[in-house]
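In: Based on what follows, work out the 3D shape:
(chains A and B)
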Amino acid sequence: MKVWPIYKKELRLYFTSPVAYVILTIFLLIAGYFFFSIFSFFTRASMQMAMNPQMGRDLNVTDAVLRPLFSNLSVILLLLMPLVTMRLFAEERRSGTIELLLTYPVRDGAVLVGKYLAAFTMYAVMLAGTLAYPAMLVSFTRVEWGPLMTGYLGLLLMGGMFLAIGLFASSLTENQVVAAIVTFGVLLMFWIIGWTAEFAGGPMGTVLTHLSILEHNDTFAKGVLDTKDILYYLNFTALALFLALRSLESRRWNG
Amino acid sequence: MIEVQSLTKHYGPVTAIRDVSFNVAPGEIVGFLGPNGAGKSTTMRILSCFMPASSGTARVAGFDVFRESMEVRRRIGYLPESVPLYSDMRVAPYLDFVAEIKGVPRSSRRKRVADVMDRCLIADVQNRLIRNLSKGYRQRVGLAQAIVSDPHVLILDEPTIGLDPRQIAEIRSLIKSLAGEHTVILSTHILPEVSMVCSGVVIINRGGIVAQGPIDRLVEQFFPTARVEVELVGPTAAVQEGMASIAGVVRVESVAGANGASRFVVESARGRDVRGEIFQLAAQQKWGLLELKQVGMTLEEVFMRIVAGEESDAAAPAPEPPAIEAEANAS
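Out: So this is what the prediction gives:
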């Protein structure tokens, strides 16, 4: 498998064009603003707690800072992740470089995995930037390490799913904007699909609830590792990557 | 090295190529000619394993392009017509990427990339972003990525398009130097280029092969007579009659002359040189002989004749033009 050269090339392309820097900047700017507002709120709540200890019995960093932070981060990711993956295949198709890439002695699967891993690395760099916030917390207060780590694991799994869906969308078109919009639409749909569960009711309602991204992303931040949630993200990722591979291969089917 | 058997490709209802068959021997450089839209790029895309044919088979270096595509891809270098390159990469890292993905071992990669940049005359731009390169440089970077793994077979779609005359000459000599070790199939519009570089040609028109073989054989086939061009001062009718009576002369045609002189094209059986006799005749008759030269028939004329023949064939299918007969002999 020649994943490595593809991976290196894609990573190089992320960081030689302005894309990576713009996404990183915007992401960290908004994430920083969220952290600031959540933390300010937490600070004020702590002050009030000092005057009225009864009220603040349940106040802790995990529930008051990290959980809202992770949930806010997922919303930014919902908006930004389509932009991370939109280029990967669409640009190759538009510029025609895919014609060369797919005539090199490299399997379609290796191309796909290389691109996916590069996008994932880019995402990991984005998340690494947010580690500054818990680091700051540690200097003020006591942080529970378990929920912090599961929270990041949850973000990684969810982001991995977003990237796989984005990669699939990008493999369908030669237009980056179309790829981004399709990705965003699919993600948003699965984000809110649980809203109708109440009305659907019965088994249908259960299915809709389980399909929802929202349903699965909060447990991690609470420090709960549930195989149901982990499998949800991994299954979705695998399915999207499988579809992307089929979409790449389909070129060889129509004679 | 390249064996193509009754290859057909449909794009939906449109048939891009139909029943295309030809062979290229190892070490040969073959020119793939045809007007725009004739099916050159389609054929090359099939040969390079980019897309499958609708029917028919193609083998490159002994491997089937569809069933053993990975083996074929290891052995080819391909330059598509549009020269697609990653515009956000620099030249040297780009070539290094291509070398790595084509399996050039790590130990020799740096040297290999440097060699190829020297050969393709792009060493001076190796640190530039590809997006900032001129068309000529891009073309040469494209050629460099095709030959960087030293493949057995090169498939080049219009390799000299967009270059200035000096660069064209350099690229031609580069391609020529590849003959022997490498088998090259290149498509082009520039016919003199083919005569200079290629040992054989395959001419394709409207999706089908219309002629193929070594260039001189094709010329002989389509122009069975030798031609001499004569310019002299003398009575046109008498001159025409006189020259027609020379043994071996098949046809004398009067073409436009100037300044009181007349010009003729004399066709004679191939291999028979009638220039001496024409001179004798002119001296005898006291015609002022101004010019006397052999006219070599070029590939260009063969090409024009074939393509024009096909066209008139399409317009009026009833009368069979001579070009078509010759084509029937060829296949």
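In: measure the residue in the stretch 51-200 of chain A positioned nearest to chain B to B:S187 for me?
Out: In the stretch 51-200 of chain A, the residue that lies nearest chain B is A:G96 (3.5 Å; Cβ to the nearest Cβ). All C-beta spots, glycine's among them, are computed from the backbone N, C-alpha and C. The gap separating A:G96 from B:S187 is 16 Å, by Cβ to Cβ, to the nearest Å.
In: higher neighbour count, the two?
Out: Between A:G96 and B:S187, counting by other Cβ atoms under 10 Å in any protein chain shown, B:S187 is the more crowded of the two (24 against 16).
In: pLDDT at residue 193, what is it?
Out: Let's take chain A. The model reports A:I193 with a pLDDT of 87.
In: That was the other one, I meant chain B.
Out: pLDDT, B:E193: 79.
In: element containing it, please.
Out: Using DSSP states H and E, B:E193 sits within helix B:191-197.
In: What is that helix packed up against?
Out: Using 3 or more Cβ pairs under 8 Å, 6 or more residues apart in numbering or on different chains; DSSP states H and E, the elements in contact with helix B:191-197 are strand B:29-33, helix B:165-178, helix B:299-315.
In: which residues are in contact with it?
Out: Contact with helix B:191-197 is made by B:29, B:31, B:33, B:160, B:168, B:172, B:175-176, B:186, B:188, B:201, B:215, B:298-300, B:303, as judged by Cβ atoms under 8 Å, 6 or more residues apart in numbering or on different chains.
In: buried sites along that helix?
Out: By neighbour count on 16 or more other Cβ atoms under 10 Å in any protein chain shown, the buried set for helix B:191-197 is B:L191, B:E193, B:V194, B:S195, B:V197.
In: Can I get it in CSV? Just the C-alpha atoms.
Out: Extracted C-alpha coordinates of helix B:191-197, given in CSV (Å, rounded to 0.1, in the frame of the first residue of the first chain):
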residue,chain,number,x,y,z
LEU,B,191,3.2,16.5,-38.8
PRO,B,192,6.8,17.5,-39.5
GLU,B,193,7.4,16.6,-35.9
VAL,B,194,6.3,13.0,-36.6
SER,B,195,8.6,12.6,-39.6
MET,B,196,11.5,13.9,-37.5
VAL,B,197,10.9,11.8,-34.3
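In: Near chain A, which residues of chain B are found?
Out: Within reach of chain A by Cβ under 8 Å from any Cβ of the partner chain, chain B has these residues: B:9-10, B:45, B:48-55, B:70, B:73-74, B:76, B:78, B:80, B:82, B:84-90, B:93, B:97-98, B:100-103, B:129, B:145.
In: Spatially nearest residue to the most centrally placed residue in chain A (excluding sequence neighbours)?
Out: Here the mean C-alpha position of chain A is nearest to the C-alpha of A:G159 (Cα atoms, centre = their mean), at a distance of 1.9 Å. Sequence neighbours aside, A:Y123 is the residue nearest to A:G159 in space, at 4.8 Å (criterion: Cβ to Cβ, 6 or more residues apart in numbering or on different chains).
In: quick one: that neighbour and A:V84 touch, right?
Out: Yes - between A:Y123 and A:V84 there is a contact at 6.5 Å, judged by Cβ atoms under 8 Å.
In: Now do the shared contacts for the two.
Out: Shared contacts of A:Y123 and A:V84, counting by Cβ under 8 Å, 6+ apart, come down to A:L163.
In: More neighbours: the two, which one.
Out: Relative neighbour count places A:V84 above the other of A:Y123 and A:V84, with 27 against 23, counting by other Cβ under 10 Å.
In: A:S95 versus the more buried one, what's the distance?
Out: Computed as Cβ to Cβ, the A:V84 to A:S95 distance reads 19 Å.
In: now A:S139
Out: 48 Å.
In: Check A:K2 too.
Out: According to Cβ to Cβ, A:K2 stands 21 Å off from A:S95.
In: the more surrounded of those two?
Out: A:K2 (18 against 15).
In: just checking, that one touches B:I101?
Out: Yes - contact criterion Cβ under 8 Å: A:K2 and B:I101 qualify, at 5.6 Å.
In: list residues touching both of the two?
Out: Any residue near both A:K2 and B:I101 by Cβ under 8 Å, 6+ apart counts here, and that gives A:P105, A:V106.
In: Now do the strands in chain A.
Out: With strands called from DSSP state E, chain A shows none.
In: Now look at the longest helix anywhere in it and say if it contacts chain B.
Out: Counting residues, the longest helix found in chain A (DSSP state H) is helix A:19-51. No - counting by Cβ under 8 Å from any Cβ, chain B is not contacted by helix A:19-51; separation bottoms out at 9.2 Å.
In: Output the contacting helices and strands for that helix.
Out: With contacts taken as 3+ Cβ pairs under 8 Å, 6+ apart, helix A:19-51 sits against helix A:67-85, helix A:108-130, helix A:132-140.
In: what about the spatially closest residue to A:Y133 that is not a sequence neighbour, neighbour count?
Out: Nearest non-adjacent residue to A:Y133, counting by Cβ to Cβ, 6+ apart: A:F35, 4.5 Å away. For A:F35, the tally of surrounding residues (other Cβ under 10 Å) stands at 22.
In: follow-up on the earlier one: name the stretch among the helices and strands packed on helix B:191-197 that sits most buried.
Out: Ranked by mean neighbour count under mean count of other Cβ atoms under 10 Å in any protein chain shown, the helices and strands packed on helix B:191-197 are led by strand B:29-33, which reaches a mean of 26.
In: tell me the SS of the closest residue to the residue of the stretch 51-200 of chain A closest to chain B other than its chain neighbours?
Out: The shortest distance from A:G96 to any non-neighbouring residue, by Cβ to Cβ, 6+ apart, is to B:P84 (3.5 Å). When classified by DSSP: H, G, I helix; E, B strand; the rest coil, B:P84 comes out as coil.
In: Pull the number of nearby residues for B:P84.
Out: Look at B:P84: counted by other Cβ under 10 Å, it has 20 neighbours.
In: wait, it sits on A:L102?
Out: No - using Cβ under 8 Å, B:P84 makes no contact with A:L102, being 11.2 Å away.
In: ok, the residue in the stretch 101-250 of chain B that chain A sits nearest to - contacts?
Out: The nearest approach of the stretch 101-250 of chain B to chain A comes at B:I101, 4.5 Å away (Cβ to the nearest Cβ). By Cβ under 8 Å, 6+ apart, B:I101 lies in contact with A:K2, A:P5, A:I6, A:Y104, A:P105, A:V106.
In: so how far is chain B from the third one?
Out: Counting by Cβ to the nearest Cβ, to the nearest Å, the separation of A:I6 from chain B is 7 Å.
In: Distance check, that residue against A:L13.
Out: From A:I6 to A:L13 the distance is 11 Å (Cβ to Cβ).
In: likewise the fifth one?
Out: Look at A:P105 and A:L13: by Cβ to Cβ, they are 21 Å apart.
In: Please apply the same query to B:S254.
Out: Taking Cβ to Cβ as the measure, B:S254 falls 66 Å from A:L13.
In: who in the stretch 1-150 of chain A is up against chain B?
Out: Counting by Cβ under 8 Å from any Cβ, the positions of the stretch 1-150 of chain A adjacent to chain B are A:2, A:4-6, A:8-9, A:12-13, A:16-17, A:95-100, A:102-107.
In: mind listing which of the residues of chain B next to chain A are in strands?
Out: When DSSP E is applied, the residues of chain B next to chain A are split such that B:K9, B:H10, B:S55, B:I76, B:Y78 fall in strands.
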